[in-house]
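Trainee: Structure for the following, please:
(one chain, ligands or ions: 1)
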Amino acid sequence: MSSFKDLRIVDNFYQTSSYFPMPTILVSTIDDEGNTSIGSYSLCFPYYVAGKDYYAMLLECRNSSNTAQHLLQRPKCALNFIPNNKKFFKEAVRLGFPGDTPKEKMSKLLFHLEEGLAQDGHRPMVVSESFQVFECTWVSALEDAFECKAGELEGYRPPYKEFNGITSKFGAHFILRIDKIIMKEKYHQAIIDGVKSKSFPKIPVDYGYRDNTHFWYSDSTKYHSEQVPAPKEIDIKTVRYAADRSDPDIHFTDEACKRLAKVPRIFLKAALDGCVKWAKKNNVTTIDLAQLDIINDKRNKEKK
Ligand SMILES: Cc1cc2nc3c(=O)[nH]c(=O)nc-3n(C[C@H](O)[C@H](O)[C@H](O)COP(=O)(O)O)c2cc1C
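Mentor: Down below sits the predicted model:
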């Protein structure tokens, strides 16, 4: 007999049929008068994380919202991540009340606004209280989503897009290219130096709108870490064999091969190819431990 019970899946299953942890993000966009407008969003997640020409987030929203209507006309937005604070979350809930015009909402704004750091024309302001902000642009070229036009506030008629633009009568998805990630000094420094439990910002985790009365959230007050299992080392001869065949012009020292033996086997070829690519780009012909350190250190440029 199963230890689980089956639960009927209904609309908005992430908050009606489950416990699903989500971020709390204030999305700033530009309204029809050129001013910054803010809406609260939690269905906003990383979409392209590697291997593409750009990085992207996915935002899922009601297509009649101010945010969706603004994005359809002006693709620039900012994703403001607010820290955990009762007053801030209360304000996020106010900014999440459907139907208010941007003017009504923004006239009583608790937060402060300032310019972001992306400098490519008119962009919405960012929320000063945020610990980090992603300044983004909607990629309307994907799935020809530029065909979707603003102005239908009572529900869009088909045809719908699959994953970008107007995706159902009341729904919209926006793939947002990340143009800049900007961060408060303290948290920026912690990423460069290597995070410790104390250096995480306090972040509210949203569990959504439940029982038709309240938004539920938790405050992440303590951060824990868990070490990954000790790697199963590959035979050094296997690494040497693969390294010698990766590129005739690039040599890997024995020490480098020894260290690469710790890379999980399925990633070995990709790791060697990455080293070769880096070596060619930097006019290096021998990969030793020092070169591996540089290659592994994704934040190397910032540290310099
Ligand atoms: C914490 C929080 C998270 C929310 N997340 C979403 C979401 O991910 N998608 C959505 O369509 N609405 C979400 N809402 C509801 C929107 O905020 C609401 O539709 C609001 O009217 C949007 O503001 P806007 O019209 O200015 O864009 C959320 C509300 C709150 C308070």
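
Trainee: ok, Gln15 - contacts?
Mentor: Residues counted as contacts of Gln15 (Cβ atoms under 8 Å, 6 or more residues apart in numbering) are Tyr207, Gly208, Tyr209, Arg210. The way it works is simple: take the backbone N, C-alpha and C, and place the C-beta from them, glycine included.

Trainee: Out of these, flag the one nearest to Lys5.
Mentor: Nearest to Lys5 among the contacts of Gln15 is Arg210, at 18.5 Å by Cβ to Cβ.

Trainee: what residues does the protein put near the ligand?
Mentor: With Cβ under 6 Å from any ligand atom as the criterion, the chain comes near the ligand at residues 24, 37, 39-43, 60-62, 65-67, 92-93, 96, 98, 206, 215.

Trainee: run the last query once more with 5 Å
Mentor: 39-43, 61-62, 65-67, 92-93, 96, 98, 206 (Cβ under 5 Å from any ligand atom).

Trainee: Buried ones among these?
Mentor: The neighbour count (16 or more other Cβ atoms under 10 Å) marks 39-43, 61, 65-67, 92-93, 96, 206 as buried among the residues of the chain next to the ligand.

Trainee: and the longest helix for this structure?
Mentor: helix 268-281 (DSSP state H).

Trainee: Counting neighbours, which bits of it end up buried?
Mentor: Leu268, Ala271, Leu272, Cys275, Val276, Trp278, Ala279.

Trainee: The third one: what's it in contact with?
Mentor: With contacts taken as Cβ under 8 Å, 6+ apart, Leu272 has the following neighbours: Ala242, Ala243, Ser246, Phe252, Leu260.

Trainee: so which helix or strand takes in Gln291?
Mentor: helix 289-296 (DSSP states H and E).

Trainee: now do Glu302
Mentor: Using DSSP H and E, Glu302 sits within helix 300-303.

Trainee: average pLDDT for that helix?
Mentor: What helix 300-303 shows for mean pLDDT is 75.

Trainee: partner residues bridging Ser218?
Mentor: When assigned by DSSP bridges, Ser218 has beta-bridge partners Val205.

Trainee: and the helix or strand hosting Ala78, what's its mean pLDDT?
Mentor: Following DSSP H and E, one finds Ala78 within strand 76-81. Across strand 76-81, pLDDT averages out at 98.

Trainee: Likewise for stretch 84-104?
Mentor: Here the average pLDDT along stretch 84-104 is 96.

Trainee: Just the C-alpha atoms of it, please, in PDB.
Mentor: Only the C-alpha atoms of stretch 84-104 are listed here, as PDB (Å, rounded to 0.1, in the frame of the first residue of the first chain):
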ATOM      1  CA  ASN A  84      12.500  39.300   3.900                       C
ATOM      2  CA  ASN A  85      10.600  41.900   5.900                       C
ATOM      3  CA  LYS A  86       7.000  41.900   7.000                       C
ATOM      4  CA  LYS A  87       6.300  45.400   5.800                       C
ATOM      5  CA  PHE A  88       7.900  44.600   2.400                       C
ATOM      6  CA  PHE A  89       5.800  41.500   1.900                       C
ATOM      7  CA  LYS A  90       2.600  43.400   2.900                       C
ATOM      8  CA  GLU A  91       3.500  45.900   0.200                       C
ATOM      9  CA  ALA A  92       4.100  43.100  -2.300                       C
ATOM     10  CA  VAL A  93       0.600  41.800  -1.500                       C
ATOM     11  CA  ARG A  94      -0.800  45.300  -2.100                       C
ATOM     12  CA  LEU A  95       1.100  45.500  -5.400                       C
ATOM     13  CA  GLY A  96      -0.400  42.100  -6.200                       C
ATOM     14  CA  PHE A  97      -4.000  43.200  -6.100                       C
ATOM     15  CA  PRO A  98      -5.500  42.800  -9.600                       C
ATOM     16  CA  GLY A  99      -7.200  45.700 -11.300                       C
ATOM     17  CA  ASP A 100      -5.400  48.800  -9.800                       C
ATOM     18  CA  THR A 101      -4.000  51.100 -12.400                       C
ATOM     19  CA  PRO A 102      -0.200  51.800 -12.300                       C
ATOM     20  CA  LYS A 103      -1.000  55.400 -11.100                       C
ATOM     21  CA  GLU A 104      -3.200  54.200  -8.200                       C
END
